[in-house]
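Participant: Okay, predicted coordinates and the sequence, questions at the end:
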Amino acid sequence: MIDRMPFPKLHRSRAIAVTLAAVLALTACSTGLLRPEGPPLTALGHAADTPAAQLRWLDRVSWGANAGSQAELARDGLPRWMGRQLRPAPRPLPAAAQAQIDAMAISRTPLDQLVFALDARRKAADALPDEEAKKAARTAYQQELNTLAREAQQRFLLRALYSPNQLQEQMTWFWMNHFSVSIRKDLVRAMVGDYEENAIRPHALGKFRDLLGATARHPAMLRYLDNAQNAANRINENYARELMELHTLGVGGGYTQADVQELARVLTGVGVSVQPPDAAPPAVRPAVRADYVRQGLFEFHPNRHDYGPKTFLGQPIQARGLAETDEALDRLARAPATARFISRKLAVYFVADEPPPALVERMAATFTRSDGDIAATLQTLFESREFAASLGRKFRDPVHYVVAGVRLAYDDERVVLNTTPMIGWINRMGETLYAHETPDGYPLNEAAWASAGQMNTRFEIARAIGTGGAVLFRTDDKAPLEKPPFPPLAESRAVHALQPGLSADTQQALAQAKNPPEWNTFLLASPELMRR
């Protein structure tokens with residue numbers, strides 16, 4: 001808990017230790033399974049009828065409460081607001097945020113054109129006879145890949161900060177982490193923006209089968225998990241294994257190594273082509289020529305496909321060619337193990353590190369009954385008493401901590417013009433967007449993010465937001481900061497609603513702050529702001 005000696009007089013290392021102690025104290029109070037309290041929520045009419053309750057819902061369903069979102073929820077009421085979040089219609093971002101997105105190469109240029117141009121540039125660089133020129137050209141090529149990946153990170157943050165469809169943005173991040181690809185591999189840096197935009201976001205609250213199929217055909221996934229190299233007589237099992245272990249059935253989901261091998265055979269020939277659209281089609285043997293498929297960078301090449309009979313999850317595959325993949329995905333998406341695995345992972349994300357089994361079973365039943373409707377499954381979760389009991393207790397991972405801090409500090413009346421500091425803060429805490437090297441994605445549990453080192457870094461980031469957040473609105477690093485360079489957090493309507501729920505120790509620390517920047521820092525570093 002926060003030390004009772006005046007917080008502002010503490011040395012820097014002592015202040016960090018006190019903040020850490022407070023966070024760990026709060027952590028110790030909230031371990032174990034959540035126990036349902038009160039009657040089941042069959043309707044949400046009275047679930048958020050006070051400003052404090054509204055903040056708790058916003059902190060969990062959105063990327064963080066702020067005055068603007070609280071005013072919208074209070075005006076519309078929770079049932080209507082949640083209905084709009086679960087089944088979102090297109091709603092515009094602030095013009096200044098959309099203008100930044102529209103100016104990005106990933107927004108202006110289709111993926112296949114980007115990759116064709118990059119591939120031509122790489123080949124031209126490799127062909128240069130002069131070694132120094134070759135080195136410079138290769139460096140420029142790598143820098144362009146880095147720029148494309150950075151644009152995807154910037155676009156994500158702008159949408160997380162300002163999209164009215166906050167749950168859609170939450171679920172886009174969730175599925176990007178679930179169907180994880182890493183910008184540290186191959187051309188994924190160029191592909192990740194399109195992967196998020198066209199494979200993940202359109203299906204984030206739709207049918208799981210559609211989402212699964214979109215990821216299975218996207219070149220970012222096929223390159224990342226090496227299925228582009230998977231061919232008859234040269235089987236690569238990487239994608240087949242992760243498709244069952246991480247994306248659908250889960251560990252212990254009832255599949256065997258023989259199923260991995262059979263699914264890998266099903267997926268032979270499913271790959272990527274970087275040939276320009278006007279290139280001549282490849283030579284395909286006449287008997288299967290009609291099976292050839294090419295859509296953008298996606299390619300199904302019959303010459304690389306194993307057309308032999310296959311048995312998958314105890315049943316023969318009846319289809320032929322690329323249709324075998326669809327048959328296998330149908331089987332995976334509708335398996336009872338998948339319903340339980342996906343439901344549990346959603347409950348971990350939205351409720352608790354060890355979610356109540358009864359809640360998971362109810363969600364899985366909805367998932368099965370609705371044929372994998374993600375929004376319907378989430379509605380079962382949000383209407384549950386277990387969800388209501390969990391509000392304010394889920395530890396924020398680094399991305400949630402940074403985005404929530406900026407949303408609270410600067411609301412949505414001003415649009416961040418420079419997301420680079422936010423990207424740096426997230427990187428410092430070890431959750432670089434789209435960069436988890438292994439396909440299991442970043443962990444969703446508290447133990448992964450509540451270390452002493454993590455808390456020290458969070459204190460520094462709280463101070464950066466609370467005392468110098470104006471860097472977010474400066475596009476030129478050499479330009480002077482606006483005055484004052486810190487957010488007016490104490491004046492925020494959301495903070496006013498938050499304050500009565502703060503612990504006595506946090507209240508005392510805030511009362512002893514010497515100035516507004518210090519007050520901001522203490523609030524953003526408080527145990528309460530570490531949770532959602």
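Facilitator: Structure received. Numbering: from 1, shown residues only.

Participant: Just the mean pLDDT for the helix or strand Glu386 falls within, thanks.
Facilitator: Element membership of Glu386, judged by DSSP states H and E, is helix 385-390. Averaged over helix 385-390, pLDDT sits at 96.

Participant: how far out from the middle of the chain is that helix?
Facilitator: In terms of CA atoms, centre = their mean, to the nearest Å, the centre of helix 385-390 is found 23 Å from the chain centre.

Participant: same for the helix or strand following it, what does it pack against?
Facilitator: Scanning forward in sequence from helix 385-390 by DSSP H and E, the next helix or strand is helix 398-410. If contacts are counted by 3 or more CB pairs under 8 Å, 6 or more residues apart in numbering; DSSP states H and E, helix 398-410 sits against helix 131-162, helix 420-428, helix 452-468, helix 516-524. Just so you know, the C-beta spots here come from the backbone N, C-alpha and C atoms, and that holds for glycine as well.

Participant: how about the longest one: buried residues?
Facilitator: Judged by neighbour count using 16 or more other CB atoms under 10 Å, the buried positions of helix 131-162 are 137, 141, 144-145, 148-162.

Participant: again with the second one
Facilitator: By neighbour count, and taking 16+ other CB under 10 Å as the criterion, the buried residues in helix 420-428 are Thr420, Pro421, Met422, Ile423, Trp425, Ile426, Arg428.

Participant: That one versus helix 398-410: what angle between them?
Facilitator: 150 degrees (axes from the mean of the first three to the mean of the last three CA atoms, to 10 degrees).

Participant: any idea how far helix 420-428 is from the chain center?
Facilitator: For helix 420-428, the distance to the chain centre is 15 Å (CA atoms, centre = their mean).

Participant: For that helix, enumerate the helices and strands it packs against.
Facilitator: helix 131-162, helix 398-410, helix 452-468.

Participant: Pipe those into JSON lines and attach mean pLDDT and distance to Arg385 per row.
Facilitator: Listed next are these as JSON lines, based on pLDDT from 0 to 100; distance: least, CB to CB, whole Å:
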{"stretch": "helix 131-162", "mean pLDDT": "97", "distance to Arg385": "28"}
{"stretch": "helix 398-410", "mean pLDDT": "97", "distance to Arg385": "24"}
{"stretch": "helix 452-468", "mean pLDDT": "97", "distance to Arg385": "31"}
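
Participant: between these, which one is nearest to Ala216?
Facilitator: helix 131-162 (20.3 Å; CB to CB).

Participant: what's the closest one packed up against?
Facilitator: So helix 131-162, by 3+ CB pairs under 8 Å, 6+ apart, packs with helix 95-102, helix 105-108, helix 111-127, helix 166-178, helix 188-194, helix 398-410, helix 420-428.

Participant: In the protein, where is pLDDT below threshold?
Facilitator: Low-confidence segments of the chain, defined by pLDDT under 70: 1-43, 45-46.

Participant: So for this protein, the centremost residue is which one?
Facilitator: For the chain, the residue nearest the mean C-alpha position is Trp173 (1.8 Å; CA atoms, centre = their mean).

Participant: list the contacts for that one?
Facilitator: Contact analysis of Trp173 by CB atoms under 8 Å, 6 or more residues apart in numbering lists Phe156, Ala160, Val399.

Participant: gap between it and Trp63?
Facilitator: 9 Å (CB to CB, to the nearest Å).

Participant: any common contacting residues for those two?
Facilitator: Contacts common to Trp173 and Trp63, judged by CB under 8 Å, 6+ apart, are Ala160.

Participant: Now do the contacts for Ala149.
Facilitator: Ile183, Arg189, Ala190, Val192, Gly193, Tyr434.

Participant: can you redo the helices and strands packed on helix 131-162 as CSV with distance to Gly254?
Facilitator: Shown next, in CSV, are the helices and strands packed on helix 131-162 (distance: least, CB to CB, whole Å):
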stretch, distance to Gly254
helix 95-102, 43
helix 105-108, 39
helix 111-127, 36
helix 166-178, 20
helix 188-194, 31
helix 398-410, 33
helix 420-428, 37
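
Participant: quick revisit: ok, so of the buried residues of helix 420-428, who is nearest Ala204?
Facilitator: Of the buried residues of helix 420-428, the one sitting nearest to Ala204 (CB to CB) turns out to be Ile426, at 20.4 Å.

Participant: hang on, isn't that closest one packed against Val399?
Facilitator: Yes: look at Ile426 against Val399 with CB atoms under 8 Å: they come within range, at 5.7 Å.

Participant: Out of the helices and strands packed on helix 131-162, flag the one nearest Leu381.
Facilitator: That would be helix 166-178 among those, by CB to CB, at 11.4 Å.

Participant: Distance to Leu332 added to the contacts of Trp173, as CSV?
Facilitator: Below are the contacts of Trp173 laid out as CSV (distance: CB to CB, whole Å):
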residue, distance to Leu332
Phe156, 28
Ala160, 30
Val399, 28
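
Participant: before we move on, back to that, including distance to Thr109, could the helices and strands packed on helix 398-410 go into TSV?
Facilitator: Output for the helices and strands packed on helix 398-410, formatted as TSV (distance: least, CB to CB, whole Å):
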stretch	distance to Thr109
helix 131-162	9
helix 420-428	22
helix 452-468	33
helix 516-524	38
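
Participant: Can you check which of these gets nearest to Ser492?
Facilitator: Once the helices and strands packed on helix 398-410 are compared by CB to CB, helix 516-524 is nearest, at 9.9 Å.

Participant: burial measure for His50, as a count.
Facilitator: Rather than His, residue 50 is Thr. 11 (other CB atoms under 10 Å).

Participant: Could you do Ala95 as well?
Facilitator: Counted with other CB under 10 Å, Ala95 comes out at 10.

Participant: Quick check: His203 touching Ala216?
Facilitator: No: His203 is beyond contact range of Ala216, at 11.9 Å (criterion: CB under 8 Å).
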